[in-house]
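> Just need the structure, nothing else, for what follows:
(chains A, B, C and D)
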Protein chains: 4
Amino acid sequence: MRLSIDVLLDYFVDDSAEVLLQIEAAAMADQRLEQQDLRVYCDNPLRAMSGEEGIGQRTWARASGSFQAEYRAVVAIDRAPVDLSSLPPTAMAELPAEAIPYLLPSRYCESDHFEGFVQSEFAGLEGGALASAIGDWVRENLTYASGSSSGVTTAMMTFADRRGVCRDYAHLLVTLARAGGIPARCVSAYAPGVDPPDFHAVAELWLAGGWHLIDATGMAKCGEIARVAVGRDATDIAFMTVFGTATMYRQVVKVTRLDDAVRNGGVG
Amino acid sequence: MRLSIDVLLDYFVDDSAEVLLQIEAAAMADQRLEQQDLRVYCDNPLRAMSGEEGIGQRTWARASGSFQAEYRAVVAIDRAPVDLSSLPPTAMAELPAEAIPYLLPSRYCESDHFEGFVQSEFAGLEGGALASAIGDWVRENLTYASGSSSGVTTAMMTFADRRGVCRDYAHLLVTLARAGGIPARCVSAYAPGVDPPDFHAVAELWLAGGWHLIDATGMAKCGEIARVAVGRDATDIAFMTVFGTATMYRQVVKVTRLDDAVRNGGVG
Amino acid sequence: MRLSIDVLLDYFVDDSAEVLLQIEAAAMADQRLEQQDLRVYCDNPLRAMSGEEGIGQRTWARASGSFQAEYRAVVAIDRAPVDLSSLPPTAMAELPAEAIPYLLPSRYCESDHFEGFVQSEFAGLEGGALASAIGDWVRENLTYASGSSSGVTTAMMTFADRRGVCRDYAHLLVTLARAGGIPARCVSAYAPGVDPPDFHAVAELWLAGGWHLIDATGMAKCGEIARVAVGRDATDIAFMTVFGTATMYRQVVKVTRLDDAVRNGGVG
Amino acid sequence: MRLSIDVLLDYFVDDSAEVLLQIEAAAMADQRLEQQDLRVYCDNPLRAMSGEEGIGQRTWARASGSFQAEYRAVVAIDRAPVDLSSLPPTAMAELPAEAIPYLLPSRYCESDHFEGFVQSEFAGLEGGALASAIGDWVRENLTYASGSSSGVTTAMMTFADRRGVCRDYAHLLVTLARAGGIPARCVSAYAPGVDPPDFHAVAELWLAGGWHLIDATGMAKCGEIARVAVGRDATDIAFMTVFGTATMYRQVVKVTRLDDAVRNGGVG
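Numbers count the residues shown, from 1 in each chain, chains lettered A, B, ... in the order given. Here you go, the predicted structure:
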């Protein structure tokens, strides 16, 4: 399936600040970039470099005063659905070096506090069956509520609050998976059907020798997610990190299934 | 029933420090002091004053180097068991002024984060039925584990960890009760059967016009608890607060049912 | 001097919620209420009770949907300026029972973490000289910045951030004072000259047998502050605590020096 | 110069647990392994893999009951001292991709809270001059105090406490550097002169195109540090991570300058 992505960022930066953007869909085996265009309105030349794990791109800009960025892309996604619950467990000692950091607690994912809960709530489960049960638990026990969390909300707070937005769902899923011995990372992404339309955050779990996407909010199907960046938690995958102070004027994220558009168009 | 209490504190204080002790059983309508003797080995005269809510006593001492305190008491407790679950709810607006602070979040009891959990887990319950269900939930979902927590552990961490000591049980029970609209405070106490023997911490909930003791650990029966101090959380009810640095050498807390002792003695 | 106070709260409450208001100026020896009128637009009768330490009033209301409150008062303040720096220290053991809770750390005031800093930064100072130096330090080292903090910001964060609003100034001052052995509490208040106009928060320190107001922001003179409530930190002195969820539509706080008004009026 | 390293870990693991060891000195251009021997007494075969950034090694073991590891090595260090203060600044946009994660806040290094402090305290400084001033500030403002911190202590707490151990010094230095726009990572290391003898933690800052070691405690000279692992903070560089519960019986870390030993031997 193909996604059309259309993003507008319109900010105001006090004084001047370095801005690290991470909004381009990543070119990967299961998601191919058909078109892509990033425009940033600022004084200095942009500089792009690889994101975490070599996935996606980070772009530096220097902003002073008005700061605008536009991004348009068409991404072809070719990713077969996987029945997570059937995937076998991987012994920790068999994990590749690259997966180890995703077993450890991080700023927003205090997995070292959740071993007791995971052992009692999901007793007897491991591997894909555990991952799948954790995904279901998060979906069933959290309520999606815009504005119910903030940039300081951690998985432990979300676990108590029982409400949050996509970022919080991803953090809690990642935290519980790590506490259960499954490497898990956070993924920023574009997906259709996200409501309200925005940058999306999902989780990716290491199972049976590969990373597998899960959206604990249930809003995005695994086959319709275009990854932007991966990392330990929200810190790494932020779409914009400002080394200074900025105010948002307007932010628009529009993601459409192109085939729908065509199909709809064909009706006329 | 009557309790015999025997406490020894043996500490070393670097340089010199002010020490606030709170280890005397409180004289109250349902617990009468038959004998009581506090000895503190330090240079300066002691000064005692009322504890929080006018309950119990705080005693100041100044320590430098070796610091020892001994406390011996006999307390007669006359407190009928209450079936919490049958107590009716009190509307917030009917609460007395003194109960209000115990509705609010405090340092170790982040009750403002638990409204969502309490509403979904205990849907439809209120008053004593809610209090009783919360007590059961804490008892069933936590595992008692010495050394599993520390002086920085909050109710939110315990809720994730699913393990703790009496202080953590009390904090979580108090937190969930407040989140459910029931004023709740922490109580330091002496009780037989605490294992390992130590100062004990329990909770007290405001229901049907009065405060009612609950020990979420299940170690102490309500009719065998001698309160020492009450407060918002562990900060207020600490048995010893050192304004400086101290090292523990030895600490012994021995609490015995006197009637048992007599009965056993009579056997001989 | 006399203050005219005029407050409007206009909120929307989802479903229905208990609301605890604390917006009335307190009647105290050094601030006399000449006129006072509180109107709350809600279905049920209001119930008022004493605030913390018997100071001021808390009022319960139940709100569903639109919730509005208006408060108008004239307060005559008769409080002579005190040169804090000349006040002698009070030994901890000489403090009255009521001052003890204000020596202890609380949710937003982690004073147990600041003993080292206070000892090195203010070496040799005690009593009023210490209080005064702490007030100066906070004023000189923080920058007032609207929107730079939130409801989760603690004194420790403010100490790092070096910026905040009145609440953060008060929290940090209170925290450093407690770490230096001086009982300190937070005070919500009305004062002219607060910019932007809003509820104000200041600190009150126990020195030489009484509580003394300090505004670390420097915006309000000690003789022009009308206390509303006192407490351990922002939790206790909140002007509105909603047990549920509410959205602010409009909030207006207008505080005027009446004598100015008259004098200005007389000019015409 | 050459270091002799001799480590003994003796632990007891409840039930059985996966253990991730990270105690081997890393083979790098400026530190060559002359001899190295790791022995782990456990049932299953060990598995080793690269550490963070491809530096050093992580080794998995499964432990049940008694768990012991011995490590002996001789490391030749060839690292010229660098005058940090003379190194020029690097514009953020010129940083290599691998340095970016070390600009961001992490679990123990809340650098996003320190921008205000760094700007005011170190106004006008950048690059090596800033790095050097930050190192001096940490050394001068912290007091080394064994037992003054724990596994939950973050840089923000250390900044308030003004005391800590090597881990806390490293965290605070790293945090201030990141807040000042200099990528900074934590490094676990062996060094002679560490007192009490133990695993050591230092910082590494990205300046003038390379990573430069700094020991904020002042205990280890830059030319006598053998790196074990690098990472964002203590989470990544832990010498032992237990996925379960373990108790320490004995832990010995002995690091000796070999040339000293020879010279001393030659005296006889």
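> From now on I want contacts and neighbour counts done on CA atoms only, so please keep to that.
Fine.
> can you map out the strands along the stretch 1-150 of chain A?
Under the criterion DSSP state E, counting those that start in this stretch, strands of the stretch 1-150 of chain A are mapped to A:2-21, A:31-41, A:47-50, A:57-77, A:143-144.
> And the longest one, what does it pack against?
Helices and strands in packing contact with strand A:57-77 are listed as strand A:2-21, strand A:31-41, strand A:47-50, strand A:226-231; criterion 3 or more C-alpha pairs under 8 Å, 6 or more residues apart in numbering or on different chains; DSSP states H and E.
> which stretch among the ones you listed comes nearest chain D?
When those are compared for distance to chain D using C-alpha to the nearest C-alpha, the nearest one is strand A:47-50, at 5.7 Å.
> on that earlier part again, with mean pLDDT and mean neighbour count as extra columns, can I get the strands of the stretch 1-150 of chain A in a markdown table?
Rendered in a markdown table, the data for the strands of the stretch 1-150 of chain A read as follows (pLDDT from 0 to 100; neighbours: other C-alpha atoms under 10 Å in any protein chain shown):
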| stretch | mean pLDDT | mean neighbour count |
| --- | --- | --- |
| strand A:2-21 | 94 | 19 |
| strand A:31-41 | 96 | 15 |
| strand A:47-50 | 94 | 18 |
| strand A:57-77 | 95 | 20 |
| strand A:143-144 | 96 | 16 |
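> In a markdown table: the helices and strands packed on strand A:57-77, plus distance to chain B.
Listed next are these as a markdown table, based on distance: least, C-alpha to the nearest C-alpha, whole Å:
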| stretch | distance to chain B |
| --- | --- |
| strand A:2-21 | 32 |
| strand A:31-41 | 37 |
| strand A:47-50 | 36 |
| strand A:226-231 | 23 |
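> right, and those - which one's nearest residue A:152?
Minimum separation from residue A:152 across the helices and strands packed on strand A:57-77 (C-alpha to C-alpha) falls at strand A:226-231, 17.1 Å.
> helix or strand right after the closest one?
As assigned by DSSP states H and E, the chain's next helix or strand after strand A:226-231 is helix A:234-237.
> After that next one, which helix or strand is next?
Taking DSSP H and E as the definition, the helix or strand that follows helix A:234-237 towards the C-terminus is strand A:240-243.
> Name the strands paired with that next one and say parallel or antiparallel.
For strand A:240-243, the paired strands and their directions (DSSP bridges) read strand A:2-21 (antiparallel).
> Return the partner strand as CSV; C-alpha atoms alone will do.
Taking only C-alpha atoms (Å, rounded to 0.1, in the frame of the first residue of the first chain), the coordinates of strand A:2-21 have been written out as CSV:
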residue,chain,number,x,y,z
ARG,A,2,1.1,3.6,-0.6
LEU,A,3,0.9,6.6,1.8
SER,A,4,0.9,10.2,0.9
ILE,A,5,2.4,12.3,3.6
ASP,A,6,2.1,16.1,4.0
VAL,A,7,3.5,17.9,6.9
LEU,A,8,3.7,21.6,7.9
LEU,A,9,5.6,22.9,10.9
ASP,A,10,5.2,26.6,11.7
TYR,A,11,7.1,27.8,14.8
PHE,A,12,8.6,30.9,16.3
VAL,A,13,12.0,30.6,17.9
ASP,A,14,13.1,33.1,20.6
ASP,A,15,16.5,34.5,19.9
SER,A,16,18.2,31.9,17.8
ALA,A,17,18.4,28.2,18.3
GLU,A,18,19.7,25.0,16.8
VAL,A,19,16.9,22.8,15.7
LEU,A,20,17.2,19.0,15.1
LEU,A,21,14.5,17.8,12.8
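> Tell me which residue of chain A lies closest to chain C.
residue A:152 (8.6 Å).
> how many neighbours does the residue lying closest to residue A:25 once chain neighbours are set aside have?
Using C-alpha to C-alpha, 6 or more residues apart in numbering or on different chains and skipping the chain neighbours, the partner closest in space to residue A:25 is residue A:228 (4.4 Å). Taking other C-alpha atoms under 10 Å in any protein chain shown as the criterion, the count of residues near residue A:228 is 26.
> Distance check, the closest residue to chain D within chain A against residue D:154.
Ranked by C-alpha to the nearest C-alpha, the top residue of chain A for proximity to chain D is residue A:107, at 3.9 Å. In this structure, residue A:107 and residue D:154 are 11 Å apart, going by C-alpha to C-alpha, to the nearest Å.
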